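*Asks:* Need the 3D shape of this:
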Amino acid sequence: MSDVVPAQSFRIHVDSVDGSLRGEARHWLHARPLDELLDGHGFRPEILAADRALELLDRNGTVLESYPVYVQHVAVDPGPDYEEWEAVFQDPPDFASFRFVRGSQTVYEQSVSPNAPEVSFLRLEQGQVFAADDQFWFELLIDDKDKDDLELLILVSVDGGQYMYDPAGFAASSSLSSSFQGLSSMGPLIAEDYGSPFAVSSGVRTHKIPRIVAEGSQAVRLLAVVSDGTRVGAARSPAFVLEPLEEVDGR
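*Replies:* You can find the predicted model right below:
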């Protein structure tokens, strides 16, 4: 799955005066590949900090990978101001902990859950056709052996193209713990949501949610990515067919 799972990052806030931490590290799913992110404003070469790094470690404390850290100054009124440290990466090794370092000093270190979350698609078959007047829906089965809260991201690939974040979004069944109307990023999912499939839809009978790829396609695939705040799991759907909607406006 490493060729399709989007980039992710860890981010911490550090007081710009005394260097103390402000809160815990935050994990981000960026919904875009690493090379696209590095072309963006938030990861400009001039904000790279040469003496800082994010390190991923195995269970013996050996550094498996090291990534550069981008630092942005954030002005707060009233203060104090702080620095935002962020390291972005893709396809990481299997790591047991991570740490932000400044030179030889460890600024922040955190162990990760031992098990990655799991996700799979149900009710979608290879070559399945959804007619123009059909509701497009499928089911997801999600689990996490550590019972962590999860974040879910759904991306769409059309005719073999890159998996893209879908701005129109999906609607999840009401059995979930929160209302996700109109969101492609569905979360958080709590332990009560695990263990039984839940329906996700996008289509002509979903209130204010237009069906993805309204113009139709002979090969649509979905990518579901779940994060427990440190580890990521993912699954791809089989390719299916969406016939073009005859009318989009007013649906």
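*Asks:* Could you use CA atoms for every contact and neighbour count after this?
*Replies:* Noted.
*Asks:* any idea which helix or strand comes after the helix or strand of the chain with the lowest mean pLDDT?
*Replies:* Within the chain, no helix or strand scores below strand 185-189, which has a mean of 60 by mean pLDDT, DSSP states H and E. For strand 185-189, the following helix or strand on the C-terminal side (DSSP states H and E) is strand 198-201.
*Asks:* Would you mark the buried spots in that following strand?
*Replies:* Buried residues in strand 198-201, counted by 16 or more other CA atoms under 10 Å: 198-201.
*Asks:* That strand - contacts with which helices or strands?
*Replies:* With contacts taken as 3 or more CA pairs under 8 Å, 6 or more residues apart in numbering; DSSP states H and E, strand 198-201 sits against strand 137-143, strand 171-172.
*Asks:* Adjacent strands (with direction) for that strand?
*Replies:* strand 137-143 (antiparallel), strand 171-172 (antiparallel) (DSSP bridges).
*Asks:* Partner strands of the next helix or strand after the longest one and their direction?
*Replies:* Elements were assigned by DSSP H and E; along the chain past strand 137-143, the next helix or strand is strand 150-158. Next to strand 150-158 in the sheet, as set by DSSP bridges, lie strand 164-165 (antiparallel), strand 185-189 (antiparallel), strand 217-227 (antiparallel).
*Asks:* I'd like to know which elements the helix or strand that contains residue 110 is packed against.
*Replies:* Residue 110 is part of strand 105-111 when elements are defined by DSSP H and E. Using 3+ CA pairs under 8 Å, 6+ apart, the elements in contact with strand 105-111 are strand 97-102.
*Asks:* ok, residues contacting the strand it packs on?
*Replies:* If you take CA atoms under 8 Å, 6 or more residues apart in numbering as the criterion, strand 97-102 is touched by 51-59, 106-112.
*Asks:* Please check those residues and keep the buried ones.
*Replies:* Using 16+ other CA under 10 Å, the buried ones in these are 52-58, 107-109.
*Asks:* May I ask which two of the residues you listed are separated the most?
*Replies:* Greatest spatial distance in the buried ones among the contacts of strand 97-102: 52 and 58, 19.6 Å, computed using CA to CA.
*Asks:* how close does residue 220 get to residue 26?
*Replies:* 32 Å (CA to CA, to the nearest Å).
*Asks:* Out of those two, name the residue with the larger neighbour count.
*Replies:* residue 220 (22 against 13; other CA atoms under 10 Å).
*Asks:* gap between the more buried one and residue 210?
*Replies:* From residue 220 to residue 210 the distance is 16 Å (CA to CA).
*Asks:* same deal with residue 113?
*Replies:* In terms of CA to CA, residue 113 sits 37 Å off from residue 210.
*Asks:* Settle it for me: which of these two has more neighbours?
*Replies:* For residue 113 and residue 210, the more surrounded residue by other CA under 10 Å is residue 210, and the numbers stand at 22 against 19.
*Asks:* From start to finish, how long is stretch 131-142 in a straight line?
*Replies:* Stretch 131-142 end-to-end distance (CA to CA) = 28 Å.
*Asks:* Give me the mean pLDDT for that stretch.
*Replies:* Averaged over stretch 131-142, pLDDT sits at 85.
*Asks:* Name the nearest residue to residue 33, ignoring sequence neighbours.
*Replies:* Once flanking residues are discounted, residue 33 sits nearest to residue 6: 4.8 Å by CA to CA, 6 or more residues apart in numbering.
*Asks:* okay, now the one you found: neighbour count?
*Replies:* 23.
*Asks:* so what's it scoring on pLDDT?
*Replies:* pLDDT at residue 6 comes out at 91.
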